[in-house]
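# sequence plus predicted model, see below.
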Amino acid sequence: MHATEFLLPTRFGTGGLGGCYAPETLMQPLLDLEEAFRMALDDPSFRVELKSELRHFVGRPTPLTSATRLAAKFGLQGLFLKREDLTHTGAHKINNAMAQALLARRMGKSEIIAETGAGQHGVAAAAACARLGLKCTVYMGVTDMARQAPNVARMRLFGTKVVPVEAGQGTLKEAVNEALRAWAARCDKAHYILGSALGPHPFPTMVRTFQTVIGEEARAQMLEQTVSLPDAVIACAGGGSNGLGLLVPFLGDDLHRFAVEAGGHGSALGEHAARLDGGRLGVLHGCKTLLLQDQHGHTAETASISAGLDYPALGPELAALALDGKIEVLRASDAQALEAAQWLCESEGILPALESSHALALLPELAKRGFATVLLGLSGRGDKDLSTYQSKLGI
Amino acid sequence: MNKLLPFIMAGDPSLAALPQLLAEAKALGIEALEIGLPHSDPIADGPVLQAAAHRAIQRGATPLRVLEMLAGLTESPDLILFTYLNPLLQIGADRLLDLLWPTPVKALLVVDLPDSEEAEFEAKLRTAGFPMIPLLSPTTDIERAKGLLERRPDPGPGHPFAQRFAYVVARLGVTGTGDTTDLAPVRERVAALKAISDRPLAVGFGLSDSAAMAEVRAMGATPVIGSALVQALANGGGLVDILRSRMNG
């Protein structure tokens, strides 16, 4: 028997963002996916299995590191880094990839399709598939393949087929297009592991659910280490899986929540990936959300030094939380992110991913606004970005 | 029965050539034609229509220019506007209706718009005489198909084919020419759909040669020729030559 209707809420916030704007071929697979997701969450054996994989394979809980020297640099009383960079495969993406791979196996799917921008989600999906014995194909834009070459090699080592996507700018948007097409062709056998909190329902809800482990751990660790919550929590946001993962568990708390978008190298359309100021409501990749687009409703080009933030749409739940005033969205430019990466390297001996560096870049701003203690999501490690750092910083 | 439902991409090979192509199709006896409004992210289209949309956008075939080009055309088959939601959503229902009135467009086929998602927008268009064509895919079981056909109802025999038909997607995946040698599963689905509904059916996605077209007609349905026609036009072929050979058999 097939599921006939969605039982979870498909929309977010007062603006009713999200939804399920999918071609008919994908509707039944999406209905079936929601049902499998709900049943898995209700099944103690799934929760035990996921928890065990997160602990013994992914390396959770990840540490909360007090960054005292960097805090002092900006006059903050305390700065705490949630270390998703220390997960297996090096970014928060593995939390969701492993959970969805387990779900796919439960659904009897033998193949996995995934898209990737920075390559972190692709590597995470590839690793999860190798571990579970699933066949994996990852779609990746050619521009991203060039700038994140080490991740392409890692995926291939894990036995994943990496398919170059040449259309358009050769970045994440085109990779998602191609992954959706591939899924439509293989939906009888394959599960699509979407890597960010976007796409048609149930993906945004599912990805957020599998990523809130970041914020839940961080909240408990803050209370354990400091006996209080921070004044501000900040994370970078491409689609929003890292941003929601860290921020959602703090929604009920009296503190300030920030998400940081890619400011790129300018403020004109095409020079950044800052959707809150630059975007307006539209539909892309199955959901209604804030979207960078031209006056004709065609998706605009984007720019960011960080492949993981270089996407024209903000995830619908994060966009809804921003529009409803629950999360403040800021932006950091390419240059600011590069500078911030150096701060963390020099003050704390940690090499951040370019994505995470966008959140770090806002630390002076938070200090200026008077926040004393800050919790920052260090979403990933910077090994994949070494060649960019080398060429841009002349080291 | 309608023998052939062709698809062309507005703006490819050129926007200026559009009135002539439509006039030729009408003169050939084509009753209805799908006209693609090019979109930047055509997630349900294969390489041929992706490339055509890209070329059309490069040549300035914006939604407004396409609809303005269609305004006032009388020598044209009934048109079904085939596109993705976002460009239409940005225009808005009221302005879209103003733009559609003077054109030969009779219905819309919006690939990424399930009937539940923009109910008000869709109702406004349907009430004004521009219904959404339902899509039925290989993943649509017969119970689901019943619901889809009810929620996007047949306006009735007094209305043209362009407003009445349901679109049967022949295969999993995206539009394109391909290997559809085995149409047996499609035949079964068409028979099952005919048992629950007497509205006209069109079958598309992956049909390209005359034999496949004839086989679909033998099922009592109208074959769609899309990518094969768009590719032939892009290669400089003439619409009449391409369609004539596929209308018979």
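Yep, that arrived.

# in chain B, what residue sits furthest out from the centroid?
residue B:143 (23.9 Å; CA atoms, centre = their mean).

# for it, give me the backbone phi and psi.
phi -70, psi -40 (degrees, to the nearest 10).

# can you tell me the helix or strand for the most centrally placed residue in chain B?
Chain B has residue B:34 as the residue nearest its centroid, 3.6 Å off, counting by CA atoms, centre = their mean. For residue B:34, the enclosing helix or strand under DSSP states H and E is strand B:32-36.

# just checking: what are the partner strands of that strand?
Sheet pairing of strand B:32-36 (DSSP bridges) gives strand B:5-9 (parallel), strand B:78-83 (parallel).

# determine which of those strands approaches residue A:310 most closely.
Checking the strands paired with strand B:32-36 against residue A:310 by CB to CB gives strand B:78-83 as the closest, at 26.3 Å. Just so you know, the C-beta spots here come from the backbone N, C-alpha and C atoms, and that holds for glycine as well.

# now the helices: where do they sit in chain B?
Using DSSP state H, the helices found in chain B span residues B:18-27, B:47-58, B:63-70, B:85-91, B:93-100, B:119-127, B:142-151, B:161-164, B:184-196, B:210-218, B:227-234, B:239-247.

# grab the nearest non-local neighbour of residue A:22.
residue A:200 (4.2 Å; CB to CB, 6 or more residues apart in numbering or on different chains).

# from chain A, how far off is residue B:93?
14 Å (CB to the nearest CB, to the nearest Å).

# what sits against that residue?
By CB atoms under 8 Å, 6 or more residues apart in numbering or on different chains, residue B:93 lies in contact with B:120-121, B:124-125.

# show me the shaky parts of the stretch 1-150 of chain A.
Scanning the stretch 1-150 of chain A for pLDDT under 70 picks out the ranges A:1.

# got the residues of it near chain B?
When proximity is defined as CB under 8 Å from any CB of the partner chain, the stretch 1-150 of chain A approaches chain B at A:2, A:4, A:19-29.

# just the buried members of the residues you listed?
The neighbour-count test (16 or more other CB atoms under 10 Å in any protein chain shown) marks A:19-29 as buried among those.

# just to revisit the earlier point, is it true that the residue nearest to the centre of chain B touches residue B:77?
No. Residue B:34 is beyond contact range of residue B:77, at 9.7 Å (criterion: CB atoms under 8 Å).

# just the buried ones from the contacts of residue B:93, in ChimeraX syntax?
Restricted to buried positions by 16+ other CB under 10 Å, the ChimeraX selection for those reads:
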select /B:121,124,125
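
# picking up where we left off before, local confidence estimate at the residue farthest from the centre of chain B?
For residue B:143, the pLDDT comes out at 96.

# hang on, it packs against residue A:3?
No. Counting by CB under 8 Å, residue B:143 stays clear of residue A:3, with 11.6 Å between them.

# setting aside sequence neighbours, what's the nearest residue to the residue farthest from the centre of chain B?
Spatial nearest neighbour of residue B:143, chain neighbours left out: residue A:4 (7.3 Å); criterion: CB to CB, 6+ apart.

# element containing the one you found?
Under the assignment here (DSSP H and E), residue A:4 is part of no helix and no strand.

# what secondary structure does the closest residue to residue A:213 other than its chain neighbours sit in?
Once flanking residues are discounted, residue A:213 sits nearest to residue A:95: 5.7 Å by CB to CB, 6+ apart. Three-state call for residue A:95 (DSSP: H, G, I helix; E, B strand; the rest coil): helix.

# which residues sit in contact with residue A:95?
A:54, A:58, A:60, A:87, A:210-211, A:213-214, A:245.

# and if you look at residue A:11?
A:17-19.

# from memory residue A:228 sits against residue A:222, does it?
Yes. At 7.3 Å, residue A:228 counts as touching residue A:222 under the criterion of CB under 8 Å.

# quick check: residues of the stretch 201-350 of chain A near chain B?
A:282-286, A:291, A:293, A:295-299.

# shouldn't residue B:38 be in contact with residue B:60?
No. Applying CB under 8 Å, one finds residue B:38 not in contact with residue B:60, separated by 10.3 Å.

# between the two, who's got more neighbours?
Set residue B:38 next to residue B:60 and count neighbours by other CB atoms under 10 Å in any protein chain shown: residue B:38 wins out with 28 against 11.

# about what we covered before: for residue A:139, find the nearest of the helices of chain B.
So among the helices of chain B, helix B:47-58 is nearest, using CB to CB, at 14.1 Å.

# need the strands paired with strand B:32-36 in TSV with mean pLDDT and mean neighbour count, can you?
Output for the strands paired with strand B:32-36, formatted as TSV (pLDDT from 0 to 100; neighbours: other CB atoms under 10 Å in any protein chain shown):
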stretch	mean pLDDT	mean neighbour count
strand B:5-9	98	26
strand B:78-83	98	24
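
# tell me which residues in stretch A:279-288 are buried?
A:279, A:281-288.

# typo on my end, it should be stretch B:105-117
Quick answer for stretch B:105-117 (16+ other CB under 10 Å): B:105-114, B:117.

# filter those by proximity to chain A?
Okay, of the buried residues of stretch B:105-117 touching chain A (CB under 8 Å from any CB), that's B:111-114, B:117.

# max-length strand in chain A?
Counting residues, the longest strand in chain A under DSSP state E turns out to be strand A:256-264.

# need the CA coordinates for that one. CSV is fine.
Only the C-alpha atoms of strand A:256-264 are listed here, as CSV (Å, rounded to 0.1, in the frame of the first residue of the first chain):
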residue,chain,number,x,y,z
HIS,A,256,19.9,36.0,19.9
ARG,A,257,20.2,33.7,16.9
PHE,A,258,22.2,34.5,13.8
ALA,A,259,22.6,32.9,10.4
VAL,A,260,25.3,34.1,8.1
GLU,A,261,25.0,34.1,4.3
ALA,A,262,27.6,34.5,1.7
GLY,A,263,28.1,38.1,0.8
GLY,A,264,30.4,37.2,-2.1
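
# so which of residue A:228 and residue A:222 has more stuff around it?
Each of residue A:228 and residue A:222 has its neighbours counted (other CB under 10 Å); residue A:222 has more, 21 against 10.

# and the contacts of the one helix or strand the more buried one maps to?
Using DSSP H and E, residue A:222 sits in helix A:213-226. Here helix A:213-226 makes contact (CB under 8 Å, 6+ apart) with A:54, A:60-64, A:66, A:78, A:80, A:82, A:84, A:92, A:95, A:228-230, A:233, A:242, A:245-250, A:253, A:373, A:375, A:377.

# out of those, which sit inside helices?
Reading helices off the contacts of helix A:213-226 with DSSP H, I get A:95, A:242, A:245-247.

# TSV for those, including distance to residue A:128?
Output for those, formatted as TSV (distance: CB to CB, whole Å):
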residue	distance to residue A:128
A:95	10
A:242	17
A:245	17
A:246	21
A:247	24
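
# highest neighbour count among these?
Highest count within the ones in helices among the contacts of helix A:213-226 by other CB under 10 Å belongs to residue A:242, 35 neighbours.

# and the residue of the stretch 101-250 of chain A nearest chain B?
residue A:185 (3.3 Å; CB to the nearest CB).

# nearest residue to that residue in space, please, no chain neighbours.
residue B:173 (3.3 Å).

# also residue A:75?
Excluding the flanking residues, the one nearest residue A:75 by CB to CB, 6+ apart is residue A:367, at 5.3 Å.

# quick one: that neighbour is in a strand?
No. Counting by three-state DSSP, one finds residue A:367 to be helix, located in no strand.

# OK, contacts around residue 142?
No chain in the question, so chain A it is. Residue A:142 touches A:164-166, A:170, counting by CB under 8 Å, 6+ apart.

# the intended chain is chain B.
B:192-193, B:196.
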